[in-house]
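Colleague: next come a sequence and a model predicted from it.
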Amino acid sequence: MSILRSLFSAKEVRDVAYAISSLNDGPLGNNLSFSEIAQAAIDALYSNAETVKRQVIVDGLPPLHVALNLIVNLCGRDLGSGHFHTYRGVLSGRGTARKALFHEAQRMMVERGFIQQDDADVGAERLREEIATAG
C-alpha cells in the first residue's frame, strides 16, 4: 500500500516526505524517537494530502518547513498526552527523546528563518506547561 500511496500522491506530498526522510541524515536522525515520529509524520502527510498541497502551493512554504513543523507538532502532541511520562511532570526516556527532538526541530526552523526565535520560545514555554500538567 505504501508504494502505491507514494506513486499516486501529489508532487508536493512526495517532496515533504522526501524532506522528512532526508532529515534522518542530520542531527534529528540521531534522536531515538526520530524514526517513530518520522513514520507518524509520513502517515499524516498522506492522510492530509490536500492540506500539504495547500501549504506548499498556496502558502508557499518550502517542503522542509512543512516537514519540520509536522515533527514539532507531533512531538508536542505526544508530550502533552501524558503517555511519555513516568509521573506528572516527569518525562520517561522516550518522552525525553521526544522533547529533545522537538527542541532540535525548532532550532532548525529558527536557523533556516522559517520561524522567529520569539515564536520558538513561546512554543517551548507552551510545551513546558503541557509537560508539567500531563502525566
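Modeller: All right, it came through fine.
Colleague: can you name the next helix or strand after the host helix or strand of Ala17?
Modeller: Applying DSSP states H and E as the criterion places Ala17 in helix 11-22. The C-terminal neighbour of helix 11-22 among helices and strands, as given by DSSP H and E, is helix 34-47.
Colleague: packing partners of that following helix?
Modeller: helix 11-22, helix 63-81, helix 93-111 (3 or more C-beta pairs under 8 Å, 6 or more residues apart in numbering; DSSP states H and E). (Glycine included, C-beta is placed from N, CA and C.)
Colleague: what lines up beside the next helix or strand after the second one in the sheet?
Modeller: Spelled out, it's helix 63-81. Moving toward the C-terminus from helix 63-81, the first helix or strand encountered (DSSP H and E) is strand 85-87. Each strand that pairs with strand 85-87, with its direction, by DSSP bridges: strand 90-91 (antiparallel).
Colleague: residues in contact with the strand it pairs with?
Modeller: Leu79, Phe84, His85, Arg98, Lys99, Ile131, Gly135 (C-beta atoms under 8 Å, 6 or more residues apart in numbering).
Colleague: just the buried members of those residues?
Modeller: Buried by 16 or more other C-beta atoms under 10 Å: Leu79, Phe84, His85, Arg98, Lys99, Ile131, Gly135, out of those.
Colleague: okay, those residues in TSV with pLDDT and distance to Asn31 next?
Modeller: Formatted as TSV, the buried ones among the contacts of strand 90-91 follow (pLDDT from 0 to 100; distance: C-beta to C-beta, whole Å):
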residue	pLDDT	distance to Asn31
Leu79	94	14
Phe84	94	13
His85	92	18
Arg98	97	8
Lys99	97	10
Ile131	92	17
Gly135	67	21
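Colleague: ok so, going back, how about TSV for the contacts of strand 90-91, with distance to Leu61 added?
Modeller: Output for those, formatted as TSV (distance: C-beta to C-beta, whole Å):
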residue	distance to Leu61
Leu79	24
Phe84	28
His85	32
Arg98	23
Lys99	25
Ile131	28
Gly135	33
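Colleague: I am finished for the moment; much appreciated.
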